[in-house]
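*Asks:* one predicted model, sequence on top.
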Amino acid sequence: MTGGGQATWLEVDLSLLERNLREVRRLAGPRKVIGAVKANGYGLGAVEITRALDDSGIDGVWTGSVEEALAVRASGIRATVIMFGGYLADQIGDLVENDLTPTVYDRAGLTAASDVGIRRGRPVGVFVKVDCGLRRLGVSTENAIQFARSVHASPSLRLEGIYTHLPFGDLEGREWARQHAVAFDGLLADLAHDGIAPPVTQLWGSSGLIAEMPDGSNTVCVGQLLYGFSPFAADDGSALAVTPVVKALTAKLIHVGRHPDGAEVAASPYVLGGAARTGVLAVGTGDGMRRAVTGESMHALIRGQRVPILGVSLEHTVVGLDGVDGAAPGDEVTLIGRSGAETLSLADWAAWFGCSQLDVAVTFLGRLPKRYVR
């Protein structure tokens, strides 16, 4: 989808994605790199993001949405697509038929994948997910070695990989992750002792890569770094050599209103402050837009000037235009990017919304029409 005829659109710079991938490869060293394209490519479009990563020679992509994975396949992209657990066991047959590699972490999934292999007359490649302490998805560390042995021994299955997930966002979390990583390293050692060597073993993602965590696996699975987001808090002190791939968020004025009472009029339920002239943008809470958290004030840019965002409703955002001469319907308003000497960033929106840049991308930017540029 493009933003050519749209009143609001997001610009995604794929050349920056490719540059970020080069930086990730540098940090990863000899390890393989698999890109996470879950949550619709972190809100930036799973199909186009996967195509750009595949063209850049990434070792594969990982996603959790069956619908998005099927869309990748329907677009003709033949990249290796590994599925996080986001489906029931009875869907595994459909995944395999579409050349998608399933993850198994319980007996139901293992049995379903094995049955598909028996019907097809050839082994089905699977990944095993281990829960090393996140307490979300995965076979427990206590049962992981026997589970992996079962997959390896089955004539209808092929153990393509084994992985876990230990994300963290601060120093306390890093220590938690380091302690829980010991169990995964022990599992890999036990498998090696048994002569079991999966082609992919993966422990760390973006946070572990930046923190240079010790790693006995041969692969990293990176999401946030690829898109130029930091997994750490802004005050963590982490210096990242990556750039946000969100280049611009632009909206056009669809209406300019004149209010003779100006600031003297009482605020309405939808407009938080008065202005003699206001502009309306066709983006609202239905698109993921939010109101600012307490103590924050949101802004937009028009004709190189910073203007206040006065109100947000289901389909519209209202900006104050006092001091902006000649503003008219059709004028472009910058929500992310540069206008004259002024700039607004994804980090600004994260501060205004009181969340991470990743949350802004997935819940707000992910719903908007996109243009892809290089």
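*Replies:* Done, it's in.
*Asks:* how close does the spatially most central residue of the chain get to Asp215?
*Replies:* The centre of the chain sits closest to Tyr42, judged by CA atoms, centre = their mean, with a distance of 2.2 Å. Taking CB to CB, to the nearest Å as the measure, Tyr42 falls 23 Å from Asp215. Just so you know, the C-beta spots here come from the backbone N, C-alpha and C atoms, and that holds for glycine as well.
*Asks:* one more: Thr317?
*Replies:* 44 Å.
*Asks:* neighbour count winner among these two?
*Replies:* Between Thr317 and Asp215, counting by other CB atoms under 10 Å, Thr317 is the more crowded of the two (26 against 20).
*Asks:* now the residue lying closest to Ala197 once chain neighbours are set aside: phi and psi?
*Replies:* Spatially, and ignoring its direct neighbours in sequence, Ala197 is nearest to Leu191 (7.2 Å; CB to CB, 6 or more residues apart in numbering). Summarising the backbone geometry of Leu191 under the convention degrees, to the nearest 10, its torsions are phi -60, psi -40.
*Asks:* one more: Asp190?
*Replies:* phi -60, psi -40.
*Asks:* from now on call the first residue 27
*Replies:* Sure, I'll start counting at 27 from here, so that last one is Asp216.
*Asks:* is it true that it touches Ile171?
*Replies:* Yes - contact status for Asp216 versus Ile171: in contact at 5.1 Å, counting by CB atoms under 8 Å.
*Asks:* neighbour count winner among those two?
*Replies:* Neighbours were tallied for Asp216 and for Ile171 using other CB under 10 Å; the higher tally belongs to Ile171 (18 against 14).
*Asks:* check which helix or strand that one maps to.
*Replies:* In this structure, Ile171 is located in helix 167-179 according to DSSP states H and E.
*Asks:* any weak-confidence spans in the chain?
*Replies:* Filtered on pLDDT under 70, the chain yields the residue ranges 27-31, 259-265, 287-300.
*Asks:* how does it divide into domains?
*Replies:* As given by the TED database, the domain ranges for the chain are 40-253, 272-398.
*Asks:* of all those domains, which lies closest to Gln32?
*Replies:* Evaluated over those, closeness to Gln32 peaks at domain 272-398, with 4.7 Å, by CB to CB.
*Asks:* centre of the chain to the closest one, how far?
*Replies:* With CA atoms, centre = their mean, to the nearest Å as the basis, the distance from the averaged C-alpha position of domain 272-398 to the chain average is 23 Å.
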